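Colleague: Pasting the sequence and the predicted coordinates here, then a few questions.
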Amino acid sequence: MREGGIPTDARIRALHEKYAPTRAAFDLVYTHCQIVCALAEHIAARQPDGLDVDIELVRAGALLHDLGVYQLYDSTGVLDYQNYIRHGVLGRDVLRDLGFPDLLCRFCSCHTGVGLSRADVQAQGLPIPPADYLAESTEEELVMYADKFHSKSTPPRFVTSAAYEASVRRFGPDKAERFTLMVKRWGEPDLGPFARAHSMPIRGPRPEAG
């Protein structure tokens, strides 16, 4: 653990290895977390006036944010997509049980979409405890924002801001507006070098499938 209770990259990788039910699950989830971490650092570095942010906390939060996904795999390695919305609170609970501070646990529970309010949970009947799951700190918002630019889809791919905005709009214009404000604040990352480094495609806007 680093000063302030922030785990080292090696400690975080060990947690992924511990909870991943298969090598394929580890490769998918841990690679995504590494990419989100790199994107968050890239976005932070591009801020024109500098950024008052704990970059070590951002790094740890990004590498931990999807730890709960492993809890949704069954014994055969199949992911329960129907309950995927639960992965944030599941990751939070894993970290809490391990004694991690809430400062880190919140990166798991508060990165989904552009944030989930108690009203969202209740109106949509989501299978998670009614509460606000919203980024509060700059570090939490940065990780949540960076996460929007990479998908663990099959195959995994990078996602432009236009593509994500079109996708999130189906949950309401307020969600799209919230994301648009985040783009204005943070700017859109240059995805090309990341896509080439990982040999992954970039998804731009396209019509919704029927």
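Modeller: On my side now, so go ahead. Numbering: from 1, shown residues only.
Colleague: Identify the residues contacting the residue nearest the centre of the chain.
Modeller: In the chain, the C-alpha nearest the mean C-alpha coordinate belongs to residue 147, at 4.1 Å (CA atoms, centre = their mean). Residue 147 sits next to 36, 62, 65, 111 when contact means CB atoms under 8 Å, 6 or more residues apart in numbering. The way it works is simple: take the backbone N, C-alpha and C, and place the C-beta from them, glycine included.
Colleague: what's the spacing between residue 99 and residue 9?
Modeller: 19 Å (CB to CB, to the nearest Å).
Colleague: what are the phi and psi angles of the residue nearest to the centre of the chain?
Modeller: Here is the backbone geometry of residue 147 (degrees, to the nearest 10): phi -60, psi -30.
Colleague: what packs against the lengthiest helix in the chain?
Modeller: Secondary structure of the chain per DSSP state H: the longest helix is helix 23-45. The helices and strands touching helix 23-45, judged by 3 or more CB pairs under 8 Å, 6 or more residues apart in numbering; DSSP states H and E, are helix 9-19, helix 55-64, helix 138-147, strand 150-151, helix 192-198.
Colleague: Show me what the next helix or strand after the fourth one pairs with in its sheet, parallel or antiparallel.
Modeller: As assigned by DSSP states H and E, the chain's next helix or strand after strand 150-151 is strand 157-159. Looking at strand 157-159 with DSSP bridges, its partner strands are strand 150-151 (antiparallel), strand 202-203 (parallel).
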